[in-house]
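Asker: Quick one: sequence plus predicted model below, questions after.
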Amino acid sequence: MQSKKIIISAALLLFLVQLSIPMCYTFAQDDLVIDQKTKERIAEQYGLEEPHPPASEQQQKIFFEADWGFSTPAGAVVQELISFTHNPLIFISQQLIRSLK
């Protein structure tokens, strides 16, 4: 019983840590090899603008309203909730195994 509480607590902690990490945008190369005139000419020719990092509202919108590539029927959601309430340790371990695939 004690080990179940530890494992569930650790899984919830990992889940909360994962949610708290902000989405980041990476840039391929910060120091450009080309000179400023060439950079401005290319930006003007192709209508390019410097990217701006999204606001926190946009990050939440990206996370919560994103198309994740799958949909679950209502019956499957209810079945997963029942299996979670019945035996949370097995449910969490199955979800971890599925996420590794």
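Answerer: Here it is on my side, so go on.
Asker: Packing partners of the helix or strand hosting residue 83?
Answerer: Here residue 83, judged by DSSP states H and E, is contained in helix 74-86. Applying 3 or more Cβ pairs under 8 Å, 6 or more residues apart in numbering; DSSP states H and E, one finds that helix 74-86 contacts helix 88-100. From N, CA and C alone the C-beta is placed, and that goes for glycine too.
Asker: before we move on, the earlier item: who's in contact with the helix holding residue 83?
Answerer: 90-91 (Cβ atoms under 8 Å, 6 or more residues apart in numbering).
Asker: what angle separates it from helix 88-100?
Answerer: 130 degrees (axes from the mean of the first three to the mean of the last three Cα atoms, to 10 degrees).
Asker: Please shift the residue numbers so they start at 42 in all later answers.
Answerer: Sure thing, new numbering starts at 42, so read that last one as helix 115-127.
Asker: in stretch 127-134, what counts as buried?
Answerer: Using 16 or more other Cβ atoms under 10 Å as the test for burial, stretch 127-134 gives 132-133.
Asker: wait, I meant stretch 49-58
Answerer: residue 52.
Asker: Output it as CSV, restricted to C-alpha atoms.
Answerer: The C-alpha trace of stretch 49-58 is given here as CSV (Å, rounded to 0.1, in the frame of the first residue of the first chain):
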residue,chain,number,x,y,z
ILE,A,49,1.3,7.5,-7.7
SER,A,50,2.8,10.6,-6.0
ALA,A,51,5.9,10.3,-8.2
ALA,A,52,3.8,9.9,-11.4
LEU,A,53,1.7,13.0,-10.4
LEU,A,54,4.8,15.0,-9.6
LEU,A,55,6.3,14.1,-13.0
PHE,A,56,3.1,15.0,-14.8
LEU,A,57,3.0,18.4,-13.0
VAL,A,58,6.6,19.1,-13.8
